[in-house]
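Enquirer: Kindly generate the corresponding structure for this input.
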Amino acid sequence: MTEPERTPPQSAAPQEIETGARHPGTATRSLIFVVAVAWSLFQLWIASPLPDALDWFTVSDTDARAVHLAFAVFLAFLLFPAFRPTARRALPTRAFGFAYGLGGLALLALGAWQFAGLERLGEVYAALGVALLAVAWPLLRGRDPLDRVPLTDWIYAGVAAFSALYLYLFHEALGQRAGAPTEVDLILAGVGLILLLEAARRVLGPALTLIAAIFLFYTFAGPLMPDIIAHRGASYPRAMAQQWLSNEGVFGIALGVSTSFVFLFVLFGALLERAGAGDYFIRVAFALLGHMRGGPAKAAVIASGMTGLVSGSSIANTVTTGTFTIPLMKRVGFPAHKAGAIEVASSVNGQLMPPVMGAAAFLMVEYVGITYVEVLKHAILPALIAYIALLYIVHLEACKGGMEGLQRAVGGTLRGRLIAFGLTLSSLIILAAAVYWGLGWIKDVADERAAWIIAGLLFAAYLVLLWIAAREPDPEPLDTDRPLPRIGPTVLAGMHFILPLVVLVWALVVERLSPGLAAFWAVAFMIFIVLTQRPLVALFRRSGGLLQATWAGIWELFNGFATGARNMIGIGVATAAAGIIVGTVAMTGLGLVLTDVVDTLSGGNLLLVLLLTAVISLILGLGLPTTANYIVVATLMAPIVVELGAQNDVLIPLIAAHLFVFYFGIMADVTPPVGLASFAGAAVAKADPVRTGLQAFAYSLRTVALPFFFIFNSQLLLIGVDNVFQLALVFFGSLAGILAFTAATQGWFLTRSRYWESALLLVVAFTLLAPTVLMDRIAPAHVSEDPATLTEVVDAAPEGANLRLRATGLDLEGREVTRTVMFPLSERRDDPLERLSEAGLDVDPEERTRIRTVAFGSPAARVGLEGGWEITAVLVPTDRPSPYWFYLPALALGLVVVWNQRRRDPPAGPGPATAAPTLPA
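Expert: Have a look, this model is predicted:
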């Protein structure tokens, strides 16, 4: 009874973000369950090939977005109360109620004034005023029941869903009167925006609602702003046409990605968890690493990484895996705040890990204009070395505290354990090779029948792996009082969970299907597993109860559908609300204004530009979930990095800029005062949330440093890496660099580091992670050639190469600018002009340095080129020494530190003096 009292009050919000705080009666719960299942079935239907094959109930992209948002806001108002009675939430909630009330009264007064003047918008403003006052009422009243849904929330849910469905129900009529909305259109658009912002506040907290409201205010109050950010403003009809009645605001790209891709990946993760894969991943991680120093913490990192492969939320990751891992970390000696911080750092890093990246991977496809596979390629190396460095941090903490691992599995010798581990690892490698080359061979030979043959092989593999799993007894709960599970049986007990991931990766990487269709086939296979694994295990074990096992599988499936839908409420609402910001930026030209502001504050210094962008991205991400976070920072800050980099003659790839702001955006989940993942981890660990957040930020310093390194050394994103030898150099060099950086910032290498040793390790880290920066000081990487050589350079460039050029022209404000840009080229063509055209650049066939047009949304357009500009130079690589020669002096410095620490006597033992890390000055 006393445990809840010890939980910090901040802990309520993070855990409720995923599923909602209300627990209504049976009838309402059943309705919510049915609606959530219906949402999942709708998403599966529109993602499947069935609508086109049957020519029945086909839904356009815009209509699907409207239905998607209708489900999200309907469930948001039923599951999330307007007012949660905690000390931390009471004041901001009442403040929102007061603001809503003042806004409602102001709109009522404006409506009365418009009525007196016989203006057409009088009734529109009056309706919006009533809507705002209605939303304000439960907030000002200061109470909202958790055991039932009040009538007002039923009304809000119905009106909000209808406002979203309005685009689906009347899409033909809206298309016919585009640009001339009626009073009904304007009322529903305004009410829809109000209720969307309130839904975002309930589900996600005040941050996103406040940011979106500020941007809406900026839309209308442009002439009142200071000169540097002023614009001519927008009328209410024009703003609503942009934000709600078209697909350029709320129903824009972000909500489209949520509808098409993200839902299915979240559903895939929910079904995996429901089937038992989450517990399987945790047990495998403990079996492999639990016996090492600080083993539970290392297992937490690996388990969170595996969960992060398909998770769309760092908070959900923290709560689900942390429930198992944090208590075990505390039992082997980790203080509560450090145990929570390790789980937070590893869970947040899960958002960096392909293939989902908290849904940002799919958004990057749209914003950057490259394929999904290319996004994964660029993101994988930083994510891997960041995770390995986190394992190293855990090891250093265990060394400082003199911790030991958990008790090994009973029985077996070291030789037997090594053989079991080797056989397990080799079987996974053989399985991967068989999948890639074996299925590829079948596809080449069988042609049209390959799909059926591969499906049969998958079914056979599933039966064999499930038969092996059925031979193993049900696992016991993980506990420090009993030995760890054995590696071989633990791995074999759930290898059938790997098959859906095989389907997903095969469809994405080999078949090159769209992310939505690939996720559909993975979910379809996961549905088959959930329905059949229990009955088949009962059959293989001959334990009886086949009918009960079948019903249990069906119930788990529908529970998985409901869980996936409830986990999507926050993402659906967040992407829609973030669309308000995207629409405002497009309507007001705010992006250009922010570029000027950052440029003025930085004085043109690129490092200061990056520091300012990092700080602004961190602030913009406070309190936002990963998806909304990325939308905001990508819309506002990523173009600034590319633009100001070009002005400093530094070619920053667009994907590098987007990953830069993405990394700093998700760090907001860690940093106090609004680190939601830190609050969740502190709640599970029963630790102080601010202290947990600060410790998690200290563990995440490597994640803070990595974006700066890959901005200046794009080879960390595998850009310009052309062969396996170069890939090995980049991987092992960057890994050694990030480990040296980790040791320096943790104040411990082989033993406690002295200040000068930490400084040397930082020099080693910089040299290994950014050798190109040093080589650029000696010899330039590219030289300028005559623009007349453009077609020759394009013709000679290999597939996937980047074209670098410098162009001059007038920007949107009529100023003459010179811009150095880089964008990718497609495969080779007989005509280099055709190859340029595929990249979006149409040059004059006679005067080939003159850009005639730039295709909208093309790679050339995304880097800022405009029609009518003049190409003044083409940049080609120089024949300079390899920057990897700098690895040799860096490794020599590292050996100096190793020698000096080894010659010192090791610490006498753990104790108070060695329990806490010491950071270098």
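Enquirer: lowest-confidence helix or strand of the chain?
Expert: One helix or strand of the chain scores below all others by mean pLDDT, DSSP states H and E: helix 3-6, with a mean of 35.
Enquirer: mind listing the strands for the protein?
Expert: 782-785, 802-810, 816-824, 841-843, 851-854, 870-877 (DSSP state E).
Enquirer: Tell me how many other residues crowd Phe261.
Expert: Number of residues near Phe261 (other CB atoms under 10 Å) recorded here: 25. Just so you know, the C-beta spots here come from the backbone N, C-alpha and C atoms, and that holds for glycine as well.
Enquirer: thought it was touching Phe362?
Expert: Yes: using CB atoms under 8 Å, Phe261 is in contact with Phe362, at 4.1 Å.
Enquirer: Need the overlap of contacts for those two.
Expert: Common contacts of Phe261 and Phe362, defined by CB atoms under 8 Å, 6 or more residues apart in numbering, comprise Pro515.
Enquirer: ranges for the helices of the stretch 751-900 of the chain?
Expert: Along the stretch 751-900 of the chain, counting by DSSP state H, counting those that start in this stretch, helices occupy 755-769, 771-778, 790-796, 832-838, 859-862, 887-903.
Enquirer: Buried deepest among those helices, which one?
Expert: Ranked by mean neighbour count, the helices of the stretch 751-900 of the chain are led by helix 859-862 with a mean of 23 (mean count of other CB atoms under 10 Å).
Enquirer: Residues contacting that helix, please?
Expert: Contacting residues not belonging to helix 859-862 are listed as Val368, Gly369, Ile370, Leu654, Val821, Phe823, Pro824, Ala839, Gly840, Leu841, Val854, Ala855 [CB under 8 Å, 6+ apart].
Enquirer: Show me which of the residues you listed are buried.
Expert: Val368, Gly369, Ile370, Leu654, Val821, Phe823, Pro824, Ala839, Gly840, Leu841, Val854 (16 or more other CB atoms under 10 Å).
Enquirer: Dump those residues to CSV, plus pLDDT and distance to Leu718.
Expert: Conversion of these to CSV gives the following (pLDDT from 0 to 100; distance: CB to CB, whole Å):
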residue, pLDDT, distance to Leu718
Val368, 83, 15
Gly369, 78, 18
Ile370, 80, 13
Leu654, 86, 15
Val821, 83, 20
Phe823, 83, 17
Pro824, 81, 13
Ala839, 83, 20
Gly840, 84, 23
Leu841, 86, 24
Val854, 87, 27
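Enquirer: need those in TSV with distance to Val464, can you?
Expert: Listed next are the buried ones among the contacts of helix 859-862 as TSV, based on distance: CB to CB, whole Å:
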residue	distance to Val464
Val368	41
Gly369	43
Ile370	39
Leu654	45
Val821	53
Phe823	48
Pro824	43
Ala839	48
Gly840	49
Leu841	53
Val854	55
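Enquirer: Where does pLDDT dip in the stretch 301-450 of the chain?
Expert: 307-314, 316, 320, 356, 358-359, 405-441, 443-444, 446-448 (pLDDT under 70).
Enquirer: circling back to that earlier point, nearest to Ala164, out of the strands of the chain?
Expert: Each of the strands of the chain has some distance to Ala164 by CB to CB; the shortest is strand 851-854, at 34.6 Å.
Enquirer: Adjacent strands (with direction) for that closest one?
Expert: strand 841-843 (antiparallel) (DSSP bridges).
Enquirer: neighbouring contacts of the partner strand?
Expert: Strand 841-843 is contacted from outside by 790, 833, 836, 849-855, 858, 860, 865, 867, 871, using CB under 8 Å, 6+ apart.
Enquirer: ok, 6 Å please
Expert: With contacts defined as CB atoms under 6 Å, 6 or more residues apart in numbering, strand 841-843 is touched by Ile851, Arg852, Thr853, Ala860.
Enquirer: residues contacting the third one?
Expert: Taking CB under 6 Å, 6+ apart as the definition of contact, the neighbours of Thr853 are Asp842, Gly867.
Enquirer: From Phe96, how far out is it?
Expert: 47 Å (CB to CB, to the nearest Å).
Enquirer: and if you look at the first one?
Expert: Relative to Phe96, Ile851 is positioned 49 Å away (criterion: CB to CB).
Enquirer: For this protein, give the helix that spans the most residues.
Expert: In the chain, assigned by DSSP state H, the helix with the most residues is helix 546-588.
Enquirer: average pLDDT for that helix?
Expert: Helix 546-588 shows a mean pLDDT of 88 in the predicted model.
Enquirer: cool, and stretch 512-522?
Expert: Rounded mean pLDDT across stretch 512-522 is 82.
Enquirer: roughly how far out does stretch 266-275 sit from the chain middle?
Expert: Relative to its chain's centre, stretch 266-275 lies at 17 Å (CA atoms, centre = their mean, to the nearest Å).
Enquirer: What are the contacting residues of it?
Expert: For stretch 266-275, contacts defined as CB under 6 Å, 6+ apart pick out 40, 310-312, 522-523, 526, 529-530, 556, 560, 563-564, 567-568.
Enquirer: ok, 7 Å please
Expert: Contacting residues not belonging to stretch 266-275 are listed as 40, 278, 310-312, 497, 519, 522-523, 526-527, 529-530, 533, 556, 559-560, 563-564, 567-568, 571 [CB atoms under 7 Å, 6 or more residues apart in numbering].
Enquirer: What of stretch 486-505?
Expert: Contacts for stretch 486-505 (CB under 7 Å, 6+ apart): 272, 275, 277, 280, 283-284, 287-288, 409, 417, 420-421, 424, 435, 458, 461-462, 465-466, 468-469, 472, 475, 518-519, 521-522, 525-526, 529.
Enquirer: which residues does Arg177 contact?
Expert: No residues are in contact with Arg177 under the rule CB under 7 Å, 6+ apart.
Enquirer: Leaving out chain neighbours, which residue sits closest to Val537?
Expert: The shortest distance from Val537 to any residue other than its chain neighbours is 4.6 Å, reached at Ala470 (CB to CB, 6 or more residues apart in numbering).
Enquirer: just checking, the one you found touches Pro535?
Expert: No: the pair Ala470 / Pro535 is not scored as a contact, 11.1 Å apart, by CB atoms under 7 Å.
Enquirer: do you know how far the nearest residue to Ser784 once chain neighbours are set aside is from Val650?
Expert: Once flanking residues are discounted, Ser784 sits nearest to Ala873: 4.0 Å by CB to CB, 6+ apart. Relative to Val650, Ala873 is positioned 15 Å away (CB to CB).
Enquirer: Looking at these two, which has the bigger crowd around it?
Expert: Neighbour totals were compared for Ala873 and Val650, and Ala873 leads with 21 against 16 (other CB under 10 Å).
Enquirer: Check what pLDDT that one gets.
Expert: You'll see Ala873 listed with a pLDDT of 86.
Enquirer: my read: it touches Pro787, true?
Expert: Yes: if you go by CB under 7 Å, Ala873 and Pro787 touch, sitting 6.0 Å apart.
Enquirer: got any residues that touch both of the two?
Expert: In contact with both Ala873 and Pro787: no residue, using CB under 7 Å, 6+ apart.
Enquirer: Counting neighbours, what do you get for Arg512?
Expert: Arg512 has 11 nearby residues by other CB under 10 Å.
Enquirer: sorry, that was for Ala493
Expert: The local packing of Ala493 (other CB under 10 Å) involves 23 other residues.
Enquirer: same deal with Ile468?
Expert: Neighbours of Ile468 using other CB under 10 Å come to 16.
Enquirer: thinking again about what came up before, tell me the pLDDT at the residue nearest to Val537?
Expert: Confidence score, pLDDT, at Ala470: 86.
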